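# Below: sequence and its predicted model.
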Amino acid sequence: MQLHQLRYAVCVAEEGRFTRAAARLHVAQPSVSGAVAALEQELGAPLFHRDRHQVSLTGAGEVFLPWARQVLADCDAGAEAVRDMLGLQRGRLVLGATPSLTTNLLPVPLARFHAQHPGLELTVHEAGSQDLVERLERGEMDLAVVILPIDRPWVESVDLMEEELVLAVHRGHELAHRRSIRVAELDRVPLVMFKDGYDLRDATLAACRQAGFTPVLAMQGLEMDGALALAAAGAAAAVVPSSVVAPSGPLRAIRFRGGVLKRTIGLASRKDRPFTPAGQAFVDTLRDHLAKRPGQD
């Protein structure tokens, strides 16, 4: 049973003649007659009483016609839903991002994307880069904004921008007067530390090891908001992206000499899953936002 057979049968019932149905469908009359006959043969019963001037539904036709109309209506509705999705009127987009990025980089492009496509259901998962990559592997997200590099053969990654890491301290901290600092000087500085799976934790610990020491951890297992709040309260210092330290806020950002602490922000997706129209639209919005940021060409 094929859709065109159902469509032809419904049209014949509505027009009352095969010739008029063929004209309405813009096909040859034998094509309509053949399709309806094949459908009747498959059903095992005639759908129409035929005479020279008019056709009318048989009992089987009266039973079958509402079902045929419903199938066609459902198919048309499904096609319309796909057209809406392609036109970004409806659909769903699931994004992943690290907490530091949802705090500073993504609010504007996310708000702009939602304003442009209010019919799309948008979900954002916050987690460390490693956790987000694992969720991508399980197919739980469409794409993720993460910290590179990612060493997974099934992941496609593209650089978006590079960001400097700084030491964030309370304005009353003993280092608050410094404009820059060497990583080795963190040897005796208590730090608040992010939880396992966060790129900021790995980057900080790796830099300290390379400088020849193990840092003093005042507290650990934190997310971005918690680390910033504790640093602002004077509990300890924190190594964070420069973008999350507001110039007029309670924290001061101290740069590391030589630019030794940086991170690369990138876009990750599965190689076997091309972007959906919604995904591509978000990527375009994000790239446009990055291009307009201060210091960008």
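Cool, got the structure.
# What segments of the stretch 1-150 of the chain are helices?
Assignment of helices within the stretch 1-150 of the chain using DSSP state H, counting those that start in this stretch yields the ranges 3-15, 18-25, 29-43, 59-86, 99-103, 107-116, 129-137.
# Residue 213 belongs to a helix?
No - according to DSSP: H, G, I helix; E, B strand; the rest coil, the state of residue 213 is coil, so it is not within a helix.
# so residue 221 is in which element?
strand 217-222 (DSSP states H and E).
# on contacts alone, who are the packing partners of that strand?
Packing partners of strand 217-222 (3 or more C-beta pairs under 8 Å, 6 or more residues apart in numbering; DSSP states H and E): strand 191-194. In this view, the C-beta of every residue, glycine as well, is placed from N, C-alpha and C.
# sorry, back to before: buried residues, the strand holding residue 221. List them.
In terms of neighbour count (16 or more other C-beta atoms under 10 Å), strand 217-222 has its buried residues at 218, 222.
# and if you look at stretch 273-289?
For stretch 273-289, by 16+ other C-beta under 10 Å, it's 275, 276, 278, 279, 281, 282, 283, 285, 286, 289.
# can you pull the contacts of residue 108?
residue 289 (C-beta atoms under 8 Å, 6 or more residues apart in numbering).
# Could you rerun that using 10 Å?
285, 286, 289, 292, 293 (C-beta atoms under 10 Å, 6 or more residues apart in numbering).
# same question, residue 210
Contacts of residue 210 (C-beta under 10 Å, 6+ apart): 183, 184, 260.
# got it, and residue 113?
Applying C-beta under 10 Å, 6+ apart, the residues near residue 113 are 88, 93, 95, 106, 120, 122, 278, 281-286, 289.
# Under the pLDDT cut-off, which ranges of the stretch 101-250 of the chain? List them.
Of all residues in the stretch 101-250 of the chain, none has pLDDT under 70.
# now, of the helices of the stretch 1-150 of the chain, which is deepest in the fold?
Most buried of the helices of the stretch 1-150 of the chain, by mean neighbour count (mean count of other C-beta atoms under 10 Å): helix 99-103, with a mean of 22.
# Model confidence score at the residue lying closest to residue 90 once chain neighbours are set aside, please.
Using C-beta to C-beta, 6 or more residues apart in numbering and skipping the chain neighbours, the partner closest in space to residue 90 is residue 84 (4.4 Å). Note for residue 84: predicted pLDDT of 70.
# swap in residue 294?
With respect to pLDDT, residue 294 scores 67.
# do the same with the one 3 residues further on
The predicted local distance difference test score for residue 297 is 45.
# May I ask you to confirm that residue 262 is in contact with residue 199?
No - in this structure, residue 262 is not within contact of residue 199 by C-beta atoms under 10 Å, at 11.5 Å.
# what touches both of these two?
residue 165.
# Looking at the two, which has the bigger crowd around it?
Between residue 262 and residue 199, residue 199 has the larger neighbour count (other C-beta atoms under 10 Å), namely 20 against 13.
# for the more buried one, what are its contacts?
98, 100, 128, 129, 130, 146, 147, 148, 165, 263, 264, 265.
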